[in-house]
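> prediction below, plus the sequence it came from.
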Amino acid sequence: MTMAATFLAAEGESPLIPHAYELVVGSFAFLVVFLVVGKILTPRIQKTLAERTEAIEGGIKKAEDAQAEAQRTLEQYRAQLAEARQEAARLREEAREQGAQIKAELREEAQAEARRIIEAAHAQIEADRQQALNQLRGEIGRLSTELASRIVGESLEDEVRQRRIVDRFLEELEGRPEAVR
């Protein structure tokens, strides 16, 4: 037999049934552990769990608040962006209008300058025509006087007389109908 079997046989008691002092000590130890766990550890555990719950809920609340703030900020930015786009469109339209106005003003100035140049050219042409006409009259007068002197056989050197003859000749020439010219 083994030693444990010998010890048990000597006592005559069953190993499954505890002694009364073990029951008292075990019950006392259980009560102490139960009180320590119930009175000290359980409130601390519950407090820690409550703090964690509050921290998690607070974090969730903060995240929700941050998300709501981000959403509000996003809406503000979108509104500002839409406003900026409208302002940009308005400025582009104003620039187009100003461009069209400047273009119209430049066109008017160019047309006025063109009219002025054309009028100056017409005036210059008229002046040149008058000058050429006067030179031509003088030349025609001289040639016609010379020709008349040769035909008549007299000298037509008298300038006043020459002038009258030439003027009369030119007036008759100008008075003729176009078909004869």
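Cool, the structure landed.

> okay, CA-based contacts and neighbour counts for the rest of this
Fine.

> mind naming the longest helix for the protein?
helix 42-152 (DSSP state H).

> list the contacts of the helix or strand following it.
Once the chain leaves helix 42-152, the next helix or strand it forms, by DSSP states H and E, is helix 159-175. Residues from elsewhere that reach helix 159-175 (CA atoms under 8 Å, 6 or more residues apart in numbering): 137, 140, 141, 144, 145, 156.

> and the residue nearest to the third one when sequence neighbours are not counted, how many residues sit next to it?
Setting aside the residues directly before and after it, residue 141 is nearest to residue 166 in space (CA to CA, 6 or more residues apart in numbering), at 5.2 Å. A count of neighbours around residue 166, defined by other CA atoms under 10 Å, yields 20.

> against residue 32, how distant is residue 166?
From residue 166 across to residue 32, the span is 158 Å (CA to CA, to the nearest Å).

> which one (most neighbours) among the contacts of helix 159-175?
For the contacts of helix 159-175, the largest neighbour count, defined by other CA under 10 Å, is 22 neighbours, found at residue 145.

> so how far is residue 131 from it?
21 Å.

> now swap in residue 110 and tell me
Going from residue 110 to residue 131 by CA to CA gives 31 Å.

> just to revisit the earlier point, what packs against the longest helix of the chain?
helix 159-175 (3 or more CA pairs under 8 Å, 6 or more residues apart in numbering; DSSP states H and E).

> the helix it packs on: how far from the chain's middle?
In terms of CA atoms, centre = their mean, to the nearest Å, the gap separating the centre of helix 159-175 from the centre of its chain is 77 Å.

> quick one: mean pLDDT for that helix?
Per-residue pLDDT over helix 159-175 has a mean of 74.

> ok, stretch 128-136 next?
Mean predicted lDDT for stretch 128-136 stands at 87.

> what does that stretch rub up against?
Around stretch 128-136, nothing counts as a contact under CA under 8 Å, 6+ apart.

> what's around residue 147, how many residues?
13.

> same question for the one 4 residues further on.
Using other CA under 10 Å as the criterion, residue 151 is surrounded by 9 other residues.
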